[in-house]
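Participant: prediction below, plus the sequence it came from.
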Amino acid sequence: MMFDHISENSLREFITLLLEADPKYRLEKEVLNVVYRISMEEQAHVPDTMTRIRALHGVTVVGQKSKVLRPRVNRGKSYIDMYIKFIPIGGSLEKNLRLLGEKVKTLPGVISLKVIAVNGRDFTLDGKPLVI
């Protein structure tokens, strides 16, 4: 065979480099990783809500960052921090965060969302949290 002198690992590394270098194999925009604190109705089912979020256009990954918090003082609500990775549609960061947040807010049991972090960094707008 023509490639007998090339190891399988070398060939894999070459293919990986080729795929990474060719723009047709790369996403046009970087995936955003956003942590939202989601306020939900107390009886809302978190796994079903996460599944519904995964089904939203542009969403690539959804996961829990914390356990569900069901405070005794604020009966009827529960809170959970979730990370949502998604492909932005273009425009400003704020516009993309609001659009995704508004989509999530239409799901059954979701009351509101607060952006906690974007790509691992705390997020505020003019020193205030973005609440949707």
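Facilitator: Here it is on my side, so go on.
Participant: alpha carbons only for contacts and neighbour counts from here, please
Facilitator: Will do.
Participant: which helix or which strand is home to the nearest residue to residue 71 once chain neighbours are set aside?
Facilitator: Spatial nearest neighbour of residue 71, excluding adjacent residues (Cα to Cα, 6 or more residues apart in numbering): residue 78 at 6.9 Å. Assigned by DSSP states H and E, residue 78 belongs to strand 77-86.
Participant: what's the closest non-adjacent residue to residue 86?
Facilitator: Residue 86 sits nearest to residue 59 (Cα to Cα, 6+ apart), 4.2 Å away.
Participant: check residue 67 too.
Facilitator: Using Cα to Cα, 6+ apart, the closest residue to residue 67 is residue 80 (6.4 Å).
Participant: what residues does that neighbour make contact with?
Facilitator: 37, 38, 39, 64, 65, 66, 67, 68, 69 (Cα atoms under 8 Å, 6 or more residues apart in numbering).
Participant: any of the residues you listed buried? List them.
Facilitator: Using 16 or more other Cα atoms under 10 Å as the burial test, those include 37, 38, 39, 64, 68 as buried.
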